[in-house]
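Chemist: sequence isn't available, so here's the structure alone:
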């Protein structure tokens, strides 16, 4: 009698356990649950990419500082010196008539309908 009761109870417990497992797996495979899992993975991946980009940027800044120190680019700038400006003009052209104006390059149109 006790043997039958034991096996009956063991079978009932195994059935409840299996039913619970199957229901839990079915809930995980619903479209809403799959969408939520995909969204969570996407957010996690985005955080990992952001961390990677920040690490790369930090490494770039560190390397630029090393190179700047090696090349002497971090020397203090004398405030009395004028700022050097670079003009986008043709080489060998005469300087601008007014000091703080920028020259433009000669205009050449590629419009073939101008001649007609």
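Modeler: That came through fine. The model shown is predicted, which means the values in this text are computed figures rather than measured ones.

Chemist: enumerate the positions of stretch 31-47 that are buried.
Modeler: Residues of stretch 31-47 include none that count as buried (16 or more other CB atoms under 10 Å). C-beta coordinates here come from the backbone N, C-alpha and C atoms, glycine included.

Chemist: going forward can the numbers begin at 47, since that is how I track them
Modeler: Let's use 47 as the start, then, which means that last one is stretch 77-93.

Chemist: got the contact list for that stretch?
Modeler: Applying CB atoms under 8 Å, 6 or more residues apart in numbering, the external contacts of stretch 77-93 come out as 73, 74.

Chemist: repeat that with 7 Å
Modeler: Outside of stretch 77-93, the residues within contact range by CB atoms under 7 Å, 6 or more residues apart in numbering are residue 73.

Chemist: averaged pLDDT, that stretch. What do you get?
Modeler: In this model, stretch 77-93 carries a mean pLDDT of 92.

Chemist: okay, now residue 57: neighbour count?
Modeler: Close neighbours of residue 57, defined as other CB atoms under 10 Å, add up to 10.

Chemist: what are the buried residues along the helix or strand where it lies?
Modeler: Element membership for residue 57 (DSSP states H and E) is helix 48-74. Neighbour counts over helix 48-74 (16+ other CB under 10 Å) mark no residue as buried.

Chemist: could you identify the helix or strand that succeeds that helix?
Modeler: Note on helix 48-74: by DSSP H and E, the next helix or strand toward the C-terminus is helix 77-117.

Chemist: just the angle for that following helix relative to helix 48-74, thanks.
Modeler: Here the directions of helix 77-117 and helix 48-74 differ by 60 degrees (axes from the mean of the first three to the mean of the last three CA atoms, to 10 degrees).

Chemist: average pLDDT for the helix holding residue 57?
Modeler: On average, the pLDDT along helix 48-74 is 94.
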